[in-house]
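1. Kindly generate the corresponding structure for this input.
(one chain, ligands or ions: 1)
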Amino acid sequence: MPKVHVMDHPLIQHKMSYIRDKETSTKVFRELVDEVGALMAYEVTRELELEDVEVETPITKMTAKRLSGKKIAIVPILRAGLGMQEGMLRLIPSARVGHVGLYRDPVTLEAIEYYAKFPGDIEERDIFVIDPMLATGASAVEAIKAIKKRGAKKISFLCLIAAPEGVEVLKEAHPDVNIYIAALDEKLNDKSYIVPGLGDAGDRLFGTK
Ligand code: URA
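-> Next up, the predicted model:
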């Protein structure tokens, strides 16, 4: 079964309180989502493999550790996932970036792929799919299907806020995907917004609506 990690580091909780606040400006909201993206990148890369390297300090020779060259790709789900992209890239600057865009069919309510562009060697990379909100889980499930279709094998999903309903749907559809969450909220409302949540992440990031 997938592991669900709630990253309740004090810095993340502090920043999340401002992210949730409806009085927070677009500018500050964007900065904070970026910062939490970076903090989450720090946590999710905890398991990366290291290798020994010989280095010479000004004092003596020693064996130090470096990342063993494991390749990473970040895949924001358009459009709100873009808000976490730069923060993650600050900590993992050599990561490649793919993008996937989905819209909801107004009749069937299914998530349909309208855009997808991934690194050519996606099958060799650890993939971090990012979207601030895991609500119904429909977008995350379809985005991960799109990524698996291109050959990716090791995928993690990162979001700021998840509803329990979305976590269950994602776990069921992709039991091999680890889920990293900054906050696990109470529920979805009848419009599929997360309660208490933060409202519409895309609109708050880009100042739309
Ligand atoms: N998407 C959002 O941006 N907010 C929610 O509460 C649910 C989905």
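2. longest helix anywhere in this protein?
-> Ranked by number of residues, the top helix in the chain under DSSP state H is helix 26-44.
3. What is the helix or strand hosting L158 packed up against?
-> Assigned by DSSP states H and E, L158 belongs to strand 154-162. Applying 3 or more Cβ pairs under 8 Å, 6 or more residues apart in numbering; DSSP states H and E, we find strand 154-162 packed against helix 10-20, helix 26-44, strand 126-130, strand 133-134, helix 138-149, strand 178-184. The way it works is simple: take the backbone N, C-alpha and C, and place the C-beta from them, glycine included.
4. Show me which residues of the first one are buried.
-> Along helix 10-20, these residues count as buried under the neighbour rule (16 or more other Cβ atoms under 10 Å): I12, K15, M16, I19, R20.
5. Just the angle for the longest helix of the chain relative to helix 10-20, thanks.
-> Interaxial angle, helix 26-44 versus helix 10-20 (axes from the mean of the first three to the mean of the last three Cα atoms, to 10 degrees): 150 degrees.
6. so after helix 26-44, what's the next helix or strand?
-> Using DSSP H and E, the helix or strand that follows helix 26-44 towards the C-terminus is strand 50-56.
7. returning to that earlier point: does the ligand have contacts with the longest helix of the chain?
-> No. Using Cβ under 6 Å from any ligand atom, we find that helix 26-44 stays clear of the ligand, coming within 11.4 Å at best.
8. Could you list the residues in contact with that helix?
-> With contact meaning Cβ atoms under 8 Å, 6 or more residues apart in numbering, helix 26-44 is reached by 5, 7, 9, 11-12, 15-16, 18-19, 24, 83-88, 90-92, 128, 130, 132, 156, 158, 160, 180, 182, 201, 204-207.
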